[in-house]
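Undergrad: coords please:
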Amino acid sequence: MAAVVAAAASLGRGAALAPASRPTLAAAIGAGSEGACALTTAGGAKCWGYNGEDQLGTGQQGLVASSVPVDVSGLRTGVAALAVGVRHSCALMSAGGVKCWGMADLGELGDGTAQRRLAPVDVVGLSSGVKAVAAGVASSCALTGAGGVKCWGSNNQGQVGDGTTTNRSAPVDVVGLSGVTAITANCALMSAGGVKCWGGSYGLAPVDVFAPGSGIVAITHGCALTSAGGVKCWGPNNQGQVGDGTRVDRPVPVDVLGLTGGVTAVSAWGGHGCALLSSGGVKCWGVNDFGQVGDGTTIDRTAPVAVAGLSAGVAAISAGVLQTCALMRSGAVECWGASGAGQLGDGSSVTTHANRFRSTPVGVVGLGPHATVTIASRSVTVTPARVAAVSVRCGAPAPCHGTLVLTEAGARLGTGRFSIPASSVRPVVVRLSIRAVALVSRVRQLSVQARASYEQAPGVTVSTMRTITLTAATSRR
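TA: Below you'll find the model as predicted:
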């Protein structure tokens, strides 16, 4: 099984691959416990991370984990939304049906059994008419077209919301709910702007967390977004989970410090929360033992802090249990937090359940626009300072980062690194060796190979080559 893990992680950062025919762009993301999934712009589902309960949905046995995205079996097209739980995941299909995969010992797949599934299976009675789907620790819920909610799975604390504590392997109605516009795994946003939750401390049936008319426009685990663009959270707060600058538990919602406006989305789970700002930046707070807050530390944060490197360009966010992911406007995905099971998708080696993490964002392999590089120069004059400035063009839409190497007859003459904005041409400074300069000076013109190796998409390195001429500088007399 270890060999399967290694193979899954072999397409890691820095691996030299042939150029892909077209980029894979993400349209939505979902982070779970030890993994995450992305909905592609083609309507497909890709997942990465731990697969011990088949939560990646590959349809194949023996894959322990993957640190790069893999296709969910049978879901290359036709998916409208994804919901990622702890040991299972679900997909809302464009036709309005729901499919789930992964662990099912508590009924969380909703197919009427407790049988673990390697690949997606249909949820009983939900072949059409579903508007949204949500996944929790071991339960799932669906929002129907009529504005009701149906849930299934673990129910020992009333998570299903049917007034009992009996596990449900097929969907049942959450009691007393109508006029619902959005859901989490145990809360519902009402059309009048209120919020109702059930299970655990809320009880076996829905109760008001926000009264009607409260102006709530979006909900997540223990937090809500207001119509004014503010964030309110509630619940345990011993590690700053609520984000109000204290460690005092909050049984009723309070404002998150500094986020009373300017927020467009909020996501919370596993003791930390994140807010997407109108500027396209991200701020997070709460538990940070695996760097899931993203500020470059592992210090718990009782108030929001900026995520390193994500001050703009973010389109959506998803907080998982131990990691967080951001969807970039470009279609790329960045993740941070726990990484031992491959849940960041960055192609790093997998040692399942190891205490490994990234406290700042890293790119998910293969997701995002493709960079394109061409070597523009045909002839370059070598300066007395042993420098050859080779013009390199970066196409649209992605910036280009890489290395330019000049060789002659297999011998390396010099190397230069480049970072070029999209749709730009820049000179790449290559400092030549003393031997190379002596050779150019002797022959006056030397034909060499210029090879640019660059990151085409996160974690995918490709190369382009061109023969150019190095010309000796004209001697001044």
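Undergrad: okay, the most centrally placed residue in the chain: pLDDT?
TA: Central residue check for the chain by C-alpha atoms, centre = their mean: the C-alpha nearest the mean position is that of residue 325, 3.7 Å away. Note on residue 325: pLDDT of 98.
Undergrad: beta partners for it?
TA: Per DSSP bridges, the residues bridged to residue 325 are residue 318, residue 335.
Undergrad: tell me the contacts of it?
TA: 29, 31, 36, 317-318, 333-335, 364 (C-beta atoms under 8 Å, 6 or more residues apart in numbering). Just so you know, the C-beta spots here come from the backbone N, C-alpha and C atoms, and that holds for glycine as well.
Undergrad: which two in the residues you listed are spaced the farthest apart?
TA: 317 and 364 (13.8 Å; C-beta to C-beta).
Undergrad: same drill for these two, tell me which one is more crowded.
TA: Ranked by neighbour count (other C-beta atoms under 10 Å), residue 317 and residue 364 place residue 364 first, with 30 against 27.
Undergrad: pull up the gap between the more buried one and residue 330, please.
TA: 12 Å (C-beta to C-beta, to the nearest Å).
Undergrad: cool, residue 442 as well?
TA: 47 Å.
Undergrad: between these two, which is the more surrounded one?
TA: residue 330 (18 against 9).
Undergrad: so what pLDDT did that one get?
TA: On the pLDDT scale, residue 330 gets 92.
Undergrad: give me the nearest residue to it, chain neighbours excluded.
TA: By the measure of C-beta to C-beta, 6 or more residues apart in numbering, the closest residue to residue 330 outside its immediate chain neighbours is residue 369, 5.1 Å from it.
Undergrad: what sits against the one you found?
TA: Going by C-beta under 8 Å, 6+ apart, residue 369 touches 23, 25, 330-332, 397-398, 457.
Undergrad: top of these by neighbour count?
TA: Neighbour counts for those peak at residue 457, which has 25 neighbours (criterion: other C-beta under 10 Å).
Undergrad: correct me if wrong: it contacts residue 364.
TA: No - judged on C-beta atoms under 8 Å, residue 457 makes no contact with residue 364 at a distance of 9.4 Å.
Undergrad: pull out the buried residues from the strand or helix carrying residue 461.
TA: Per DSSP states H and E: residue 461 is located in strand 460-472. Across strand 460-472, burial judged by 16 or more other C-beta atoms under 10 Å covers 460-464, 466, 468, 470, 472.
Undergrad: got a markdown table for the residues you listed, with pLDDT and distance to residue 100 too?
TA: Listed next are these as a markdown table, based on pLDDT from 0 to 100; distance: C-beta to C-beta, whole Å:
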| residue | pLDDT | distance to residue 100 |
| --- | --- | --- |
| 460 | 86 | 30 |
| 461 | 90 | 36 |
| 462 | 93 | 37 |
| 463 | 95 | 42 |
| 464 | 96 | 43 |
| 466 | 97 | 50 |
| 468 | 97 | 56 |
| 470 | 97 | 61 |
| 472 | 94 | 68 |
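Undergrad: may I ask which two of the residues you listed are separated the most?
TA: 460 and 472 (37.9 Å).
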